[in-house]
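Engineer: Return atomic coordinates for the entry below.
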Amino acid sequence: MPEQGHILGIEGTAWNLSAALFGDDDVISLYSSPYQPPSGGIHPREAAQHHASKMKEVVSAVIGDPSAIRAVAFSQGPGLGPCLRTVGTAARALALALDVPLVGVNHCVAHVEVGRWACGCDDPITLYASGANTQVLGFLGKRYRIFGETLDIGIGNGLDKFARSKGMTHPGGPQIEALARTGDPIDLPYTVKGMDLAFSGLISAASSSPAALPDVCAGLQETAFAMCVEVTERALAHSGKDEVLLVGGVGANGRLQEMLATMCEERGASFYVPPRKYIGDNGAMIAYTGKIMLEAGATLAIGDSAVNAGYRSDEVEVTWRTGDGHAAFVRADAMADAGARGAEALVTRRGPDVVKRRLSKGYRTPRLDARLIAERTRAEARLIAAARKAGVATPVIRDVTHDSIVMEYIEGAMLKRVLSPPGVERAGEMVGRMHAAGIIHGDLTTSNIIMRGEVPVFIDFGLSFVSRETEARGVDVHVFFQTLESTTRDYERLSRAFRDGYAAATDDADEVFERVEEIRMRGRYL
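Structural biologist: As a prediction, this is how the structure comes out:
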């Protein structure tokens, strides 16, 4: 294999077939041929037929001198199966014909890596917002961990679904953005579950709204994007990182960029968004990621190059980056010791008590902001008291206003700082007690449990609600497992401890854990 040369990258996970050539330090050529359905959404088989018919044209447009190519990289997944297989077949044929190595690239990871390269950022929390994917990612333990994601439909597919209901052509996002500029946003359902979110109810409500179309589009954008920015901010606060990167096709939306920039400015973080040609699906992100993977020795044998439609970003061992991302979590711990600010509220000490005041968010519309602050403050006070009655340790509440709660100060360390099987098992038992009493915490992360000696004390009930449904309990536990997995190297042992504790406190633990696995599988390519 030559030391110098170009990397050919082929992307075709969904609607856009694209190829690029990456040299030593820059993109040499990039060419795309998007599939445009005559009506409705993307049909996987028709998109794959488009890719097959255009493959020669697209690759020929960028390939230049074949003898200068030192590897072929392709999008191995996630994506639409027929499209992935078409691209995989072409990549294998080219690698064999050119007698060069083959590199299988995770599509989601490629978005992050080309963003880091194009923007010059180092260790960001990444909001990946595309047609089929909505994820918040961060680097830890040599992998891109998923801090939060959609539990149902990807934001781009949701916007396209709404657009089709209003007679718009594909893609619907740019048309919604244009209409929203002249609209007065209406109130729509807002669904954030810890660091996860759900769009189905929002899309259904927007599609059936009788309000003027510009007003509905404005409400849809403001609500959906505020949800995305909120979960990004939660991950930023939890991880201690100080950079935010926006990638994915929906990231081209100017209003989403503006909202993220506002959030980052309020938190003192740096915000990055790649040039438009790199923000959506493109061959350059595959070629560049293929280059750095090749240099780290991450190549594939032809026999191991099957595509994977459900390929998770956290399945990829990131061998090409130095460090493991743990230093940011040390910074997060230091900030926690200083007291001041979480993702949602300012907490200040007042003698034996603390005052938790929810902060206004500049990225949200004033009406939505006021609604969420009031709703969450009331719910938190009510359900902290209910959890105490169920035998769960919580702070004692002294006073409540429209945006603040005065409560007992809890001396101790966040669970994420003192993770051990006994502590996690006790936390699992307390979650089981809450669920048995019909209380869903809603933000069940290791930052929201304080170990007071051997007793787990639960805080931050701002997203809590009352439900006895298996789905709600499953989502609650899924949020905890997802946070645990994204922040520890000992996930298997700790998750087993949580399961043991939970099962000791409730009779239907098996049913809940089965639902947790179903929810986890939904997070794969949708």
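Engineer: In which helix or strand does the most centrally placed residue in the chain reside?
Structural biologist: By C-alpha atoms, centre = their mean, the chain has its centre lying nearest to residue 135, at 1.8 Å. Using DSSP states H and E, residue 135 sits within strand 134-140.
Engineer: so who does the nearest residue to residue 234 once chain neighbours are set aside touch?
Structural biologist: Distance criterion C-beta to C-beta, 6 or more residues apart in numbering; nearest residue to residue 234, sequence neighbours excluded, is residue 343 at 4.3 Å. C-beta: built from backbone N, CA, C; applies to glycine. With contact set as C-beta atoms under 8 Å, 6 or more residues apart in numbering, residue 343 has these partners: 230, 233-234, 236-238.
Engineer: now do 10 Å
Structural biologist: 195, 230-238, 263, 267, 359, 443, 445, 447, 460, 462 (C-beta atoms under 10 Å, 6 or more residues apart in numbering).
Engineer: just residue 12 next, same as before
Structural biologist: 18-19, 32-33, 35, 47-48, 50-52, 54-55, 58, 74-75, 79-80, 83-88, 90-91, 107, 281, 283, 286.
Engineer: in this protein, what secondary structure element scores lowest on mean pLDDT?
Structural biologist: Confidence across the helices and strands of the chain bottoms out at helix 326-338, with a mean of 47, counting by mean pLDDT, DSSP states H and E.
Engineer: Span of stretch 392-408 from start to end?
Structural biologist: From its first residue to its last, stretch 392-408 covers 15 Å (C-alpha to C-alpha, to the nearest Å).
Engineer: quick one: that stretch to chain centroid distance?
Structural biologist: 31 Å (C-alpha atoms, centre = their mean, to the nearest Å).
Engineer: Buried residues, it. List them.
Structural biologist: 392-395, 397, 400, 403-407 (16 or more other C-beta atoms under 10 Å).
Engineer: repeat for stretch 365-378
Structural biologist: Across stretch 365-378, burial judged by 16+ other C-beta under 10 Å covers 365, 368-369, 372-373, 376-377.
Engineer: Now tabulate the residues you listed in JSON lines and tack on pLDDT, secondary structure and distance to residue 348.
Structural biologist: As requested, the buried residues of stretch 365-378 are arranged in JSON lines below (pLDDT from 0 to 100; DSSP: H, G, I helix; E, B strand; the rest coil; distance: C-beta to C-beta, whole Å):
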{"residue": "365", "pLDDT": "96", "secondary structure": "coil", "distance to residue 348": "27"}
{"residue": "368", "pLDDT": "96", "secondary structure": "helix", "distance to residue 348": "25"}
{"residue": "369", "pLDDT": "96", "secondary structure": "helix", "distance to residue 348": "21"}
{"residue": "372", "pLDDT": "95", "secondary structure": "helix", "distance to residue 348": "21"}
{"residue": "373", "pLDDT": "96", "secondary structure": "helix", "distance to residue 348": "17"}
{"residue": "376", "pLDDT": "94", "secondary structure": "helix", "distance to residue 348": "18"}
{"residue": "377", "pLDDT": "96", "secondary structure": "helix", "distance to residue 348": "16"}
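Engineer: What is the nearest of these to residue 499?
Structural biologist: The nearest member of these to residue 499, counting by C-beta to C-beta, is residue 376 at 29.2 Å.
Engineer: Buried only: go through the contacts of residue 343 for me.
Structural biologist: 195, 230-238, 263, 443, 445, 447, 460, 462.
Engineer: Looking at the residues you listed, spot the one nearest residue 469.
Structural biologist: Checking the buried ones among the contacts of residue 343 one by one against residue 469 (C-beta to C-beta), the nearest turns out to be residue 443, at 17.7 Å.
Engineer: Return the residues in contact with that closest one.
Structural biologist: 192-196, 234, 343-344, 376, 380, 458-464, 476, 479-480, 483.
Engineer: how about low-confidence regions in this protein?
Structural biologist: Scanning the chain for pLDDT under 70 picks out 1-4, 40-41, 324-340, 522-526.
Engineer: now, which of the buried residues of stretch 392-408 lie within helices?
Structural biologist: Judged by DSSP state H, helices contain none of the buried residues of stretch 392-408.
Engineer: Tell me which of those fall in strands.
Structural biologist: Among the buried residues of stretch 392-408, DSSP state E puts 397, 400, 404-407 in strands.
Engineer: Just flag the most distant two among those residues.
Structural biologist: For those, the farthest-apart pair by C-beta to C-beta is 397 and 404; their separation is 11.1 Å.
Engineer: Give me the common contacts of the two.
Structural biologist: Residues touching both residue 397 and residue 404 by C-beta under 10 Å, 6+ apart: residue 381.
Engineer: Could you pull up phi and psi at the nearest residue to residue 386 once chain neighbours are set aside?
Structural biologist: Spatially, and ignoring its direct neighbours in sequence, residue 386 is nearest to residue 439 (5.7 Å; C-beta to C-beta, 6+ apart). Reported as degrees, to the nearest 10, the phi and psi values for residue 439 are phi -110, psi 120.
Engineer: Please tell me how far residue 439 sits from residue 508.
Structural biologist: 15 Å (C-beta to C-beta, to the nearest Å).
Engineer: Neighbour count for the two, which is higher?
Structural biologist: Ranked by neighbour count (other C-beta atoms under 10 Å), residue 439 and residue 508 place residue 439 first, with 27 against 16.
Engineer: partner residues bridging the more buried one?
Structural biologist: Beta-bridge partners for residue 439, by DSSP bridges, are residue 466.
Engineer: change the start of the numbering to 44 and stick with it
Structural biologist: All set: I'll call the first residue 44, so the last point we hit is now residue 482.
Engineer: show me what contacts it?
Structural biologist: Contacts of residue 482 (C-beta under 10 Å, 6+ apart): 426-427, 429-430, 432-433, 435, 474, 476, 501, 504, 507-511, 515-516, 519.
Engineer: run the last query once more with 6 Å
Structural biologist: 426, 429-430 (C-beta atoms under 6 Å, 6 or more residues apart in numbering).
Engineer: who's in contact with the residue of the chain most remote from its centre?
Structural biologist: Distance from the centre of the chain peaks at residue 110, with 39.7 Å (C-alpha atoms, centre = their mean). By C-beta under 6 Å, 6+ apart, residue 110 lies in contact with nothing.
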